[in-house]
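[1] The following comprises the amino acid sequence and a computationally predicted model.
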Amino acid sequence: MNFRSGLLTKLLLGIVGGIVLGSLGSWLGFHDAPAYEGMIRLFSTFTSLFSTFLSFIIPLLIVAFVAVGMADLGKQANKLFGITIFLAYASTILAGYISYFFGIAVLPNFIQSFSGSIADVNPYDPFLVIKVAPVFDVMTGLMLAFILGIGMANLKIGRSGKLLEVLREMRDIITKTLTKIIIPLIPIYVGCLFCKLAAQGKIVTTAKIFISLYVCILLLQVLYIALQFAISGAVCRKNNFRYIPRILPAYFTAVGTQSSASTIPVNLKCARNSNISEDVTNFCIPLCATIHLAGDTICLVLGTMGIMMAMGMDVSLSLFTPYIFMLGITMVAAPGVPGGGVMAALGIITSMLGFTEPMQQLIISLHFSQDSFGTATNVTGDQALAMIIDKVSGNADTAPAGAEGAELE
């Protein structure tokens, strides 16, 4: 089985395995046994070291990916570039605000009664704590990425500039680190978290919150896909919902690969089958694969809100507005690997929302568990944006006579 297609399975196995191991003490009556406590502390040590490594690499990831992404985007000289960027960012922000108001309306029904119950999720001290300070903090890294990205985009040095090549190599190194080290260890990391929760007797409460958030996220992602096609239909003045069956191959490919970038070839074919012009297809689909992450945004807004409500923290609009706007920027050119969205956003989740290490573990677990469907939401929404851009550019009005009817036969 391909690793990407098996990631969700491995993650579920990690969660189940962690719950079983963490519950053994209560089930068999040796909850206070030194050996059992030592095992939980060993898992706690792993999560502590892994979290330290994540904290170190996240600012480097932001600099490499965002700077290179902005530099590459800025070099494209296409008349549709500006409107594509605007629509993708607007869609991401709209997804964030819809998620926020949906969360305010729905989540208290599931989360309020559990308030504060998972605040203490790490009573087992790790055997070893290593403090490794990041080279710079997240906001410094983000500002550096903006300066470098915008600067390289305007130097007009082509694609062979020395600094750009260095950052590309840095991006490749971090991508290898993600795919070869971090992503394979994520199921173990998540399993250790649920093991600790089970050992504390908090797994039922946490599972209820986790499942409630999971269902809400998946529901809202489906509704947002429908909204995007409704809007595109209104702009194009036709029923774009009828193209959805032709887009399903891209949706299910994204579910399997968990990567918008890996789904580009299938998504290109689906766009052509949906009667989107060749020029718009070849430009819009690859570009939106790196800048249009509405599915990730839905998860990262609803997920963080739910966790914060469970902790009794403030979830005011004034707090989430800058967070939503920063999400749209931070995830530009997020790595084309499973979980790239949460890895790119983890820094601002920590710095802007005040997430502690245990809270970070929960949002990582939640994001990875739904990442297949979040990615599918991203790539399906790319089709709706491409339809709008095709209409705005005038290409949709110049389709060959009979093409509309022929492609639907």
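    Structure received. Just so we're clear, the structure is a prediction, and the values are computed from it rather than from any experiment.
[2] alpha carbons only for contacts and neighbour counts from here, please
    OK.
[3] In stretch 278-298, which residues are buried?
    Residues 280-298 are the ones in stretch 278-298 that count as buried (16 or more other C-alpha atoms under 10 Å).
[4] Now, those residues that are in helices?
    Judged by DSSP state H, helices contain the following of these: 280-291, 294-298.
[5] could you say which helix or strand contains residue 96?
    helix 81-106 (DSSP states H and E).
[6] Show me what that helix is packed up against.
    In terms of contacts (3 or more C-alpha pairs under 8 Å, 6 or more residues apart in numbering; DSSP states H and E), helix 81-106 is packed against helix 278-291, helix 294-310, helix 317-330, helix 357-393.
[7] which of the ones you listed is buried the deepest?
    helix 294-310 (a mean of 26; mean count of other C-alpha atoms under 10 Å).
[8] how near is residue 379 to residue 94?
    Distance, residue 379 to residue 94, by C-alpha to C-alpha, to the nearest Å: 16 Å.
[9] does residue 232 count as helix, strand or coil?
    Secondary structure, DSSP: H, G, I helix; E, B strand; the rest coil: residue 232 is helix.
[10] Report the contact partners of the residue nearest to residue 386 when sequence neighbours are not counted.
    Nearest residue to residue 386, sequence neighbours excluded (C-alpha to C-alpha, 6 or more residues apart in numbering): residue 284, at 6.0 Å. By C-alpha atoms under 8 Å, 6 or more residues apart in numbering, the contact set of residue 284 is 84, 382, 386.
[11] Same list (the residues you listed) but as a markdown table, adding pLDDT and distance to residue 52.
    Formatted as a markdown table, those follow (pLDDT from 0 to 100; distance: C-alpha to C-alpha, whole Å):
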| residue | pLDDT | distance to residue 52 |
| --- | --- | --- |
| 84 | 83 | 37 |
| 382 | 92 | 35 |
| 386 | 91 | 40 |
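[12] Going by distance to residue 127, which of those residues wins?
    residue 382 (47.0 Å; C-alpha to C-alpha).
[13] Where do the helices of the stretch 101-250 of the chain begin and end?
    108-111, 138-154, 162-177, 183-199, 203-236, 244-257 (DSSP state H, counting those that start in this stretch).
[14] so which strand or helix has the most centrally placed residue in the chain?
    The centroid of the chain falls nearest to residue 341 when counting by C-alpha atoms, centre = their mean (3.0 Å). In this assignment (DSSP H and E), residue 341 forms part of helix 340-353.
[15] And that helix, what does it pack against?
    helix 34-75, helix 138-154, helix 294-310, helix 317-330, helix 357-393.
[16] Any idea which helix or strand in the protein has the lowest mean pLDDT?
    helix 403-407 (a mean of 42; mean pLDDT, DSSP states H and E).
[17] Next up, the contacts around residue 132.
    52, 53, 56.
[18] I meant residue 18, not that one.
    190, 191, 192, 193, 194, 195, 196, 198.
[19] of those, buried ones?
    Here, 16+ other C-alpha under 10 Å leaves 190, 191, 192, 193, 194, 195, 196, 198 buried among the contacts of residue 18.
[20] pLDDT for the residues you listed - can I get that in JSON lines?
    As requested, these are arranged in JSON lines below (pLDDT from 0 to 100):
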{"residue": "190", "pLDDT": "82"}
{"residue": "191", "pLDDT": "86"}
{"residue": "192", "pLDDT": "86"}
{"residue": "193", "pLDDT": "80"}
{"residue": "194", "pLDDT": "83"}
{"residue": "195", "pLDDT": "86"}
{"residue": "196", "pLDDT": "81"}
{"residue": "198", "pLDDT": "82"}
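[21] Out of those residues, which comes closest to residue 46?
    Nearest to residue 46 among these, with distances taken as C-alpha to C-alpha, is residue 192, at 7.9 Å.
[22] Quick check: mean pLDDT of stretch 56-69?
    Mean per-residue pLDDT for stretch 56-69: 81.
[23] mind checking how far that stretch is from the chain centre?
    15 Å (C-alpha atoms, centre = their mean, to the nearest Å).
[24] With stretch 211-228 instead?
    14 Å.
[25] Give me the nearest residue to residue 153, chain neighbours excluded.
    Nearest non-adjacent residue to residue 153, counting by C-alpha to C-alpha, 6+ apart: residue 71, 4.4 Å away.
[26] Kindly provide the distance from residue 181 to residue 174.
    Following C-alpha to C-alpha, the distance that separates residue 181 from residue 174 is 10 Å.
[27] More neighbours: these two, which one.
    residue 174 (21 against 12; other C-alpha atoms under 10 Å).
[28] thought the more buried one was touching residue 63?
    No - counting by C-alpha atoms under 8 Å, residue 174 does not reach residue 63; the two are 10.7 Å apart.
[29] what does the average pLDDT come to for the helix holding residue 341?
    Averaging pLDDT along helix 340-353 yields 85.
[30] start at 23 instead
    Sure, I'll start counting at 23 from here, so that last one is helix 362-375.
[31] Need the CA coordinates for it. CSV is fine.
    What follows is helix 362-375, C-alpha atoms only, in CSV (Å, rounded to 0.1, in the frame of the first residue of the first chain):
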residue,chain,number,x,y,z
GLY,A,362,1.2,20.3,5.0
GLY,A,363,-1.6,22.7,5.9
VAL,A,364,-1.4,22.2,9.7
MET,A,365,2.4,22.1,9.6
ALA,A,366,2.5,25.4,7.9
ALA,A,367,-0.2,26.9,10.2
LEU,A,368,1.0,25.5,13.5
GLY,A,369,3.2,28.5,14.2
ILE,A,370,0.4,31.1,14.0
ILE,A,371,-1.9,28.7,15.9
THR,A,372,0.6,28.8,18.7
SER,A,373,1.5,32.5,18.5
MET,A,374,-1.9,34.0,17.8
LEU,A,375,-4.2,31.6,19.7
